[in-house]
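> have a look at this prediction, sequence included:
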Amino acid sequence: MTGFVDRLRLADEQRAAFAAWPRRWWAGLPRPVRLGALVAFAAFLVALPILQPPVLTTTGTDFTGVLFTVGVYCLCALGLNIVVGLAGLLDLGYIGFFAVGAYSVAVFGSPQSKLATEYPWLVCIPIAIAISMVSGAILGGPTLRLRGDYLAIVTLGFGEIVRLTAVNSEVLGAAAGIPEVPRPPGERADGTRLFTIVDVTPFYWLVLALIFLVVLAGANLERSRVGRAWVAIREDEDVAQLMGVPTFRFKLWAFAMGAAVGGLSGALFASRQTFINPESFPVQTSLMFLAAVVIGGAGNKFGVVLGAVIVAYLPERLRSIDDGLLVVWYVSLVLGLATYLLLRRRGPRDGPRTYLRLGVVAGILAALPPLLLAMPEVFGSRGEIGQLRYLMFGLALIVMSVFRPQGLIPSRRRAIELEDRAKEVEPGATS
Amino acid sequence: MPRPERPAPTGPERPAGPGSGAPIRPTPDPGEPLLQIVDLTLRFGGVTALDRVSFDIRRGEILGLIGPNGAGKTTCFNAITGVCPPTAGTIRFRGTSLGRRKKHQITRLGIARTFQNIRLFPEMTALENVMVGADAHHRTSVPGAIFRLSPRHFAEERVCRAIAMEMLDRVGITERAHQIARNLPYGDQRRLEIARALATRPALLCLDEPAAGSNPAEKASLLELIRSLRDSGYTILLIDHDMKLVMGVTDRIVVLEFGRKIAEGLPAEIRENPAVVAAYLGVPDGSA
């Protein structure tokens, strides 16, 4: 019995050390180095559509298009993170706000819409954000008195209500949808339009800039009274109110802010697609947004962005498995194994079994690509890996909730907690 | 929202900062009532948890609220802090009726509490826990926090941090400021709860069994803390089972049994009161 407890504690200690070191390493770098690294990384992101890096590029689909979709997912994950990660309100209908934003741009901007206002894009975007915020407040007003599972069910319903309203409303184009959604203004040097259907690169840059702004705004919120109030509500709503937090107002704000970001990304999505119909907004997408937040690490901005990249990019990349990917996979597997063997701490129960277990894990990881390659044969010709994404992310969520419930990049608070625990276990540890 | 009329973050009624204090022991009697409870009744379905309970809490005193298990002590707290609105009767704080005010509004008026079973924000640091309390009187909302344009935001952040650190210092756990609340030792969690309540700048501090589960040494230092709080101007309502603690620290005591007030008076009087003795020890057959 004690053996089991010891092993658990050891595992927890190792996990805590692992969770802490990248952060500490990063904080320990000199400021100019950190700044330089960030600028270089940003430049790399901006240059991605031009570079089309060999291994990263998706072979099956247009890489820039995929990049844009990933960007939209990142925006949504950031917005949803405010609601789920900070305020702790489980929202399963986030696609609803996304759809509201998309439809706002379409209805007010498209010459084909029944309203025929034909506002320019720059006017449509603030309208879309405002309408999404209001829809968030409208949904939140009556439902934020509910808690936990009940709130989740109502929000799930909201996502469907938005879609069904669109299907049944003539103004919203009914099932046929609305074409000719306006695009952002701007011209190239030669007088042609900057934002076209053919070239997605400007859209990608636009979404990149917006992600930057949203991350900045989110960071400001987190480090303020509002962020503290949200986390307090997540931790214990009754106590938060007893400590003077106007809980209802702040929950409503969380919903409205989440909705605003969702609406913004929906509006971008619609402008890029130039055509939307109710089928563009299935309820499954809500769950993908949520999966991004949970896999990445609810409450951490960078975590949820990573989660969004995993959820939106990996299935596209894995549509076809090519030699470059296999090389990267096996090289990183070998390197990872070597680093682990070199750096790991020796536990009290180190023995042949440890190596056996390690061997099994490595074997499974090594066998994964052939297995994935075999999948289309097993599931029939339509069974591309991209098609199996729900299965994949379902499994990923289960694995995550068992082994790493705090997400890949845990929020700062979780990380501190784990670090604290590591110190308790090992009092002589230097921090 | 009424703005707090007291800028001093320390003692509300008598601003005495930490360290500045020859203990001014207020005489319990002449104090005017800070909180008046009149005919407070609370029913849950068929159960009457409180039955026409009336008592006053005077400025600057420590009032003990005692009684056997299930007597309605915590329910009384819940009524005062707005968790359970009273079925009948009134609660007046500084002369104004609390009526059906929301919990956070009552907190802003100047009533703060701790909990019988510790309820911190477990994943926030100790400092952040206290900062939530210190934010009670602040007004920065989402627009101000996103755009960081208003000087008020920065001023409030600064004040908030200062108050929070001061309160941590006050209860003696400054070195825990950046630790996660969940990981604090039990005694420090109790203290953190008090610091968080103090940060809301209350006039009336309600402590619900602050010494529960503590060892004698912790209890002694907690008593010391409670006394020093009273001496710097807080009015304190204290629930506890520990008779020694209650007798040692309180100025007056109110005794509840089965939702009714059965006695009120100075500790010495309560100790001699036959009804109280009966309530705690039971009545022998044939007597009474």
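Sure, I can see it.
> write out the residues of the stretch 1-150 of chain B neighbouring chain A.
B:81-83, B:102-104, B:107-108, B:112-113, B:115, B:119-125, B:128, B:131-133, B:135-138, B:140-142, B:144-148 (CB under 8 Å from any CB of the partner chain). The C-beta positions use only the backbone N, C-alpha and C, and glycine is treated the same way.
> among the residues you listed, which are located in helices?
Among the residues of the stretch 1-150 of chain B next to chain A, the ones falling in helices (DSSP state H) are B:103-104, B:107-108, B:128, B:131-133, B:142, B:144-147.
> can you pick the most crowded of those?
Ranked by the number of neighbours (other CB atoms under 10 Å in any protein chain shown), these place B:Gly133 first, at 30 neighbours.
> residues contacting residue 164?
The chain I'm using is chain A. With contacts defined as CB atoms under 8 Å, 6 or more residues apart in numbering or on different chains, the neighbours of A:Leu164 are A:Pro278.
> was after chain B, sorry
By CB under 8 Å, 6+ apart, the residues touching B:Ala164 are B:127, B:130-131, B:133-134, B:195, B:199.
> swap in B:Leu35?
B:Leu35 makes contact with B:56-57, B:80, B:91-93, B:111, B:204, B:235, B:237, according to CB under 8 Å, 6+ apart.
> and the closest residue to B:Val130 other than its chain neighbours, how close does it get to chain A?
Excluding the flanking residues, the one nearest B:Val130 by CB to CB, 6 or more residues apart in numbering or on different chains is B:Ala164, at 3.9 Å. Noted for B:Ala164: a distance of 10 Å to chain A, by CB to the nearest CB, to the nearest Å.
> just the pLDDT for B:Ala164.
In the prediction, the pLDDT value recorded for B:Ala164 is 92.
> quick one: buried residues of the helix or strand containing it?
Assigned by DSSP states H and E, B:Ala164 belongs to helix B:151-171. By neighbour count on 16 or more other CB atoms under 10 Å in any protein chain shown, the buried set for helix B:151-171 is B:153, B:156-157, B:159-160, B:163-168, B:170-171.
> please apply the same query to stretch B:219-235.
Within stretch B:219-235, the residues that count as buried by 16+ other CB under 10 Å are B:219, B:222-223, B:225-235.
> report the entries of the residues you listed that also contact chain A.
Applying CB under 8 Å from any CB, the subset of the buried residues of stretch B:219-235 adjacent to chain A is empty.
> most widely separated two among the residues you listed?
Farthest-apart pair in the buried residues of stretch B:219-235 is B:Lys219 and B:Gly233; separation 23.4 Å (CB to CB).
> now chain A against chain B: closest residue?
At 2.6 Å from chain B, A:Gly244 is the closest residue in chain A, using CB to the nearest CB.
> what is the burial count for the nearest residue to that residue once chain neighbours are set aside?
Spatial nearest neighbour of A:Gly244, chain neighbours left out: B:Ala136 (2.6 Å); criterion: CB to CB, 6+ apart. Neighbours of B:Ala136 under the rule other CB under 10 Å: 23.
> in contact with B:Ala136, which residues?
By CB under 8 Å, 6+ apart, the contact list for B:Ala136 reads A:243-245, B:104, B:107-108, B:199-201.
> what's downstream of the helix holding B:Ala164, the next helix or strand?
Downstream of helix B:151-171, the first helix or strand assigned by DSSP H and E is helix B:186-199.
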